[in-house]
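> here's a sequence, model it:
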Amino acid sequence: MYRTVSVKLKDRVLADIEAEARARRTTRSAVVRERLERPGAAGGSLWDRMRDLVIADDAAPRNLARDKSRLRGLGRSRRR
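Next up is the predicted model:
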């Protein structure tokens, strides 16, 4: 059973929801419900929401801070 809740949304957020609803041929309410029920959508930690963006510890070079060769060219304009 669903209960009704009213919320105020910014125009761009509402436009995004409406566009998705039209593309999927469903209601705005269905889109909003699905977005709210996604893992991490409400109450998830920042880590949970960005976990897929973080490099694994063993994938990063160990000597990144000490290896000066990695700093060659840093800060130079790529256009010459």
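> CA atoms for contacts and neighbours, from now on please.
Fine.
> so how far is the worst-scoring helix or strand of the chain on mean pLDDT off the chain centroid?
Least confident helix or strand, the chain: helix 46-50 with a mean of 71, by mean pLDDT, DSSP states H and E. Taking CA atoms, centre = their mean, to the nearest Å, one finds helix 46-50 lying 9 Å from the centre of the chain it belongs to.
> now do the buried residues in that helix.
Within helix 46-50, no residue is scored as buried using 16 or more other CA atoms under 10 Å.
> dump the C-alpha coordinates for it into PDB.
Extracted in PDB, the C-alpha atoms of helix 46-50 (Å, rounded to 0.1, in the frame of the first residue of the first chain):
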ATOM      1  CA  LEU A  46      29.100   8.900   1.200                       C
ATOM      2  CA  TRP A  47      31.400   5.900   0.900                       C
ATOM      3  CA  ASP A  48      28.500   3.700  -0.200                       C
ATOM      4  CA  ARG A  49      27.600   6.200  -2.900                       C
ATOM      5  CA  MET A  50      31.200   6.600  -4.300                       C
END
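> what distance do you get for residue 16 to residue 35?
Plainly put, residue 16 is 12 Å away from residue 35 if you go by CA to CA, to the nearest Å.
> which strands and helices lie in contact with the least confident helix or strand of the chain?
The helices and strands touching helix 46-50, judged by 3 or more CA pairs under 8 Å, 6 or more residues apart in numbering; DSSP states H and E, number zero.
> how many residues are close by residue 27?
13 (other CA atoms under 10 Å).
> one more: residue 14?
Neighbour count for residue 14, taken as other CA under 10 Å: 14.
> which stretch of helix or strand covers it?
helix 11-24 (DSSP states H and E).
> and the angle from whatever helix or strand comes next after that helix to helix 11-24?
Sequence order places helix 28-37 as the next helix or strand after helix 11-24, per DSSP H and E. If you take axes from the mean of the first three to the mean of the last three CA atoms, to 10 degrees, helix 28-37 sits at 110 degrees to helix 11-24.
> just the CA coordinates of helix 28-37, formatted as CSV?
C-alpha atoms of helix 28-37 as CSV (Å, rounded to 0.1, in the frame of the first residue of the first chain):
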residue,chain,number,x,y,z
ARG,A,28,6.5,10.3,-12.3
SER,A,29,5.5,8.6,-9.0
ALA,A,30,6.9,5.3,-10.1
VAL,A,31,10.2,7.0,-11.1
VAL,A,32,10.4,8.8,-7.7
ARG,A,33,9.6,5.6,-5.8
GLU,A,34,12.3,3.7,-7.6
ARG,A,35,14.9,6.4,-7.1
LEU,A,36,14.1,6.6,-3.3
GLU,A,37,14.3,2.8,-3.0
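> having no further points to raise, I will conclude here.
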